[in-house]
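Visitor: Sequence below, structure please.
(chains A and B)
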2 protein chains.
Amino acid sequence: MALFVMKFGGSSVGDVERMQRVAKRIVEKKLDGHQCVVVVSAMGDTTDDLIDKAKLLNSSPPAREMDMLLTTGEQISVSLLSMAVHQLGHEAVSYTGWQAGFLTDQTHSKARIVDIDPARVKKSLDNGQIVIVAGFQGASDTGEITTLGRGGSDTTAVALAAAIEADVCEIYTDVDGIYSTDPRIVRCARKLNEISYDEMLELAHLGAAVLHPRAVEYAKHNKVCLVVRSSFNHNEGTTVKEEAVMEQGVVVSGIAYDKNVAKISIMGVPDEPGVLATVFGKLADASIDVDIIVQSGVQDGTADFSFTTALDDRERALQVIESFRQQVPYHHVSSEVGLIKISIVGAGMVSHPGVAAKMFDVISKLGISIKMVSTSEIKVSCVISNHQLTDVVGALHTAYGLDTVEDVFVGGPQDRR
Amino acid sequence: MALFVMKFGGSSVGDVERMQRVAKRIVEKKLDGHQCVVVVSAMGDTTDDLIDKAKLLNSSPPAREMDMLLTTGEQISVSLLSMAVHQLGHEAVSYTGWQAGFLTDQTHSKARIVDIDPARVKKSLDNGQIVIVAGFQGASDTGEITTLGRGGSDTTAVALAAAIEADVCEIYTDVDGIYSTDPRIVRCARKLNEISYDEMLELAHLGAAVLHPRAVEYAKHNKVCLVVRSSFNHNEGTTVKEEAVMEQGVVVSGIAYDKNVAKISIMGVPDEPGVLATVFGKLADASIDVDIIVQSGVQDGTADFSFTTALDDRERALQVIESFRQQVPYHHVSSEVGLIKISIVGAGMVSHPGVAAKMFDVISKLGISIKMVSTSEIKVSCVISNHQLTDVVGALHTAYGLDTVEDVFVGGPQDRR
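Guide: Sure, this is the predicted structure:
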């Protein structure tokens, strides 16, 4: 007997049939002799519908009231799912976030979990019940209802798994697991059997949307064994854990890309101590996330440097830079779009020299110039023009020995060759 | 400055426009210098829609899970109404039942209020906020979410008014107040300015659907001053309180009728002690509500008696009676439908002899025979054939001096003569 946390997203419980399928899936696990705690998101479009209603009544609704409103979405799905499980002849009990013991801080719409008291969940498990918990929500110590913000239900599942010391936290989704790269652009992408927390974190930050980085961080910190798998089939999925077993000769686990990239360059900035701190301090004050930063050579007492931001932040970043021209003089500023950040990720990289060199070589052989480079212990990212995305990802995938002979594409039959 | 509880039903907040109108109404009260606690039901058809969804997943959903599901309806309306008030530039805060301090027993779907801790509501009032509380719900001491069952939101409003010692508990509805009789059948019905709790209780039990009897009982017990008024206009409404001021010469306040009546007669029952107790004990065991009971003269050691039930219960009552024939032998049983129970209600009745006699006289002058009679200190009910409903109610209304010259009919313009 093992203790499982099973998390299902909104599309997995989007309508009555899907809800029934999820109920069946849970009961199967129970009949296999396991204990089950289930975490569910709001059904399909429920959250968006509620937001639309709110906007009709208030152009900028208070965050506290939005939390009161939106948490009903998950409360509806947990109670309905519990009914569906009962219909199959098994005992189930649904809990809101506060009932399941999720204590958060007071930051409405993006609260952080302060503590979890799993006594009630554990008691229900001891009574042989299937426990169904509303994702994405909790309550503060003053009894205010809060939501956890983006990636909320994944975080609920992982945090609960840590609190009840579950053996496995399964994240059910619409893909089979974590892939070596996006199967929509590289057909011979391979499903990874295992991946380390750090690799998963890099991939999540780099745009692989399957798991929210916050949930992965929580899992890493609490050593929760995560499994990402499909809610539509019984394939094995991908296990995310501390030390993933590497296949022989594979140093790169995955290739990620991010289209949401703008590059901004400031030329002729005085080469003095504190200048960079001032520039990026001002950008941070304006809540502009800066990713890669590259400083080029110093000449005549001035330096040039470039950085990347999200496309949406480009305009605002340029305004901020204009605003401090009196304080930090510079020659001129320019920005560039139509870019892509392509990254290779692998825990084995650190002990294998030449991994980055191979990446540069592959890209240059395609006649593409690299505009920016950034490295970490387990990742190399290059910013390039977005014109040859498919070619570059495909070539890197082959160069690092990731191609599989199987056709693993997970789309419907009409999508297969 | 006075402290008001204002209760709005589901149809008053049925869509965005109505929600905005209610928000405006609340803000008007606040601008008049008063403190406001608002109790709201679920929007329009929300509850029915949720029940439909539940039925698709489970033919007999567990009561606990239904409470989890249905309480989201009020949580949605309180948060949206709070947003609408904020939009008008006033501070509001919404609370679920448990947040507002409603402690109930564990009887899901028809929980009873055990205690109310109004600390949080009071604190918000002290902060100058408008407090908006979800009707119909609470939580047990083990943190289970419960609903109060029928008449729930009225009861929430009255109980909260008692707990915070509100000056007035206003029940907003789609009629102008309590009428001397149903204005749909008697055009010269008059709106009552005041009515006593006991009279209101009788009228509520007798089918005047404006207030739920449970809420009236709660108000009477806690001496909460109730005002029933329209959410569509600013007319004064009807005040329900301990001692209503009677108009000169008016002993009857209102005339009610109930079409949901079946009469069952059991003939030739042994005239022995304990027989009646057995018969009505068996009916009570089968949860059949019995209203009027009449025993006729004893002859040859046997007696005949009749009683009324709801139309829906007639079939089952006959089965129960058949089932105890071995234990309590009787000659034969018969039942009758096509009836109506017509009642006159008035606190002044007890000190004015001849009130009942006048009723019998009016009815007999219309050539109608009275099938059953039942009296209490403030009420006389007669069961008659339903053929001349309008005539009888009209004649009684005139006989007791209740007719008004105004045309007070509250329907739309097309309904007026």
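Visitor: ok, A:Arg229 - contacts?
Guide: Going by Cβ atoms under 8 Å, 6 or more residues apart in numbering or on different chains, A:Arg229 touches A:170-173, A:176-177, A:235-238. Using the backbone N, CA and C atoms, a C-beta is placed for each residue, glycine as well.
Visitor: are any of those buried, and which?
Guide: In the contacts of A:Arg229, burial by neighbour count holds for A:170-173, A:176-177, A:237-238, counting by 16 or more other Cβ atoms under 10 Å in any protein chain shown.
Visitor: Can you verify my assumption that A:Val16 contacts B:Lys53?
Guide: Yes - using Cβ atoms under 8 Å, A:Val16 is in contact with B:Lys53, at 7.4 Å.
Visitor: Between those two, which is the more surrounded one?
Guide: Neighbours were counted for A:Val16 and for B:Lys53 using other Cβ atoms under 10 Å in any protein chain shown; B:Lys53 has more, 19 against 14.
Visitor: what bits of chain A have low per-residue confidence?
Guide: Scanning chain A for pLDDT under 70 picks out A:150, A:206-209, A:244-249, A:405-417.
Visitor: In it, which helix is the longest?
Guide: For chain A, the helix with the greatest residue count under DSSP state H is helix A:63-87.
Visitor: Buried ones in that helix, by neighbour count?
Guide: A:64-87.
Visitor: which of those come close to chain B?
Guide: Applying Cβ under 8 Å from any Cβ of the partner chain to these, one finds that A:64-66, A:68-69, A:71-72, A:75-76, A:78-80, A:82-84, A:86-87 fall near chain B.
Visitor: quick revisit: which one of the buried ones among the contacts of A:Arg229 is nearest chain B?
Guide: The closest of the buried ones among the contacts of A:Arg229 to chain B turns out to be A:Tyr172 (Cβ to the nearest Cβ; 18.8 Å).
Visitor: how close does the residue nearest to that closest one when sequence neighbours are not counted sit to chain B?
Guide: Leaving aside its sequence neighbours, A:Tyr172 sits nearest to A:Ser231 (Cβ to Cβ, 6 or more residues apart in numbering or on different chains; 3.9 Å). For A:Ser231, the distance to chain B equals 17 Å [Cβ to the nearest Cβ, to the nearest Å].
Visitor: wouldn't A:Ser231 be in contact with A:Gly10 here?
Guide: No - assessed by Cβ under 8 Å, A:Ser231 is found out of contact with A:Gly10, at 11.4 Å.
Visitor: phi, psi of the residue nearest to the spatial centre of chain A?
Guide: Note on chain A: the residue nearest the mean C-alpha position is A:His212, at 2.4 Å, using Cα atoms, centre = their mean. Dihedral pair for A:His212: phi -80, psi 130, per degrees, to the nearest 10.
Visitor: Leaving out sequence neighbours, find the closest residue to it.
Guide: Spatially, and ignoring its direct neighbours in sequence, A:His212 is nearest to A:Gly151 (2.4 Å; Cβ to Cβ, 6+ apart).
Visitor: With A:His90 instead?
Guide: Distances taken as Cβ to Cβ, 6+ apart place A:Val27 nearest to A:His90, at 5.5 Å, with adjacent residues excluded.
Visitor: Confirm that the one you found sits in a helix.
Guide: Yes - per DSSP: H, G, I helix; E, B strand; the rest coil, A:Val27 lies within a helix segment.
Visitor: so what's it up against?
Guide: Contacts of A:Val27 were listed using Cβ under 8 Å, 6+ apart, and they are A:85, A:88, A:90, A:130.
Visitor: For chain A, what lies in contact range of chain B?
Guide: By Cβ under 8 Å from any Cβ, the residues of chain A that approach chain B are A:16, A:19-20, A:50, A:53-54, A:56-59, A:61-62, A:64-66, A:68-69, A:71-72, A:75-76, A:78-80, A:82-84, A:86-87, A:93-94, A:96, A:99, A:120, A:143, A:145.
Visitor: element containing A:Val373, please.
Guide: Secondary structure from DSSP states H and E places A:Val373 in strand A:372-376.
Visitor: Helix or strand next in line after that strand, which one?
Guide: Downstream of strand A:372-376, the next assigned helix or strand under DSSP H and E is strand A:379-385.
Visitor: Quick check: buried residues in the next helix or strand after that following strand?
Guide: Using DSSP H and E, the helix or strand that follows strand A:379-385 towards the C-terminus is helix A:389-399. Neighbour-count burial for helix A:389-399, counted by 16+ other Cβ under 10 Å, picks out A:389, A:392-397, A:399.
Visitor: just the angle between helix A:389-399 and strand A:379-385, please?
Guide: Counting by axes from the mean of the first three to the mean of the last three Cα atoms, to 10 degrees, helix A:389-399 lies at 150 degrees to strand A:379-385.
Visitor: Which neighbouring elements make contact with helix A:389-399?
Guide: If contacts are counted by 3 or more Cβ pairs under 8 Å, 6 or more residues apart in numbering or on different chains; DSSP states H and E, helix A:389-399 sits against strand A:254-258, strand A:339-345, helix A:355-365.
Visitor: redo that, cut-off 6 Å
Guide: Under the contact definition 3 or more Cβ pairs under 6 Å, 6 or more residues apart in numbering or on different chains; DSSP states H and E, helix A:389-399 sits against strand A:254-258, helix A:355-365.
Visitor: and chain A, what are its domains?
Guide: When chain A is parsed with automatic domain parsing, its domains come out as A:3-173, A:262-336.
Visitor: Quote the end-to-end distance of the first one.
Guide: One end of domain A:3-173 to the other measures 20 Å (Cα to Cα, to the nearest Å).
Visitor: Figure out how far stretch A:96-106 is from the centre of its chain.
Guide: 22 Å (Cα atoms, centre = their mean, to the nearest Å).
Visitor: which residues are contacting it?
Guide: Residues outside stretch A:96-106 that contact it (Cβ atoms under 6 Å, 6 or more residues apart in numbering or on different chains): A:75, A:111-118, A:121, A:133-134, A:137-140, A:146, B:143.
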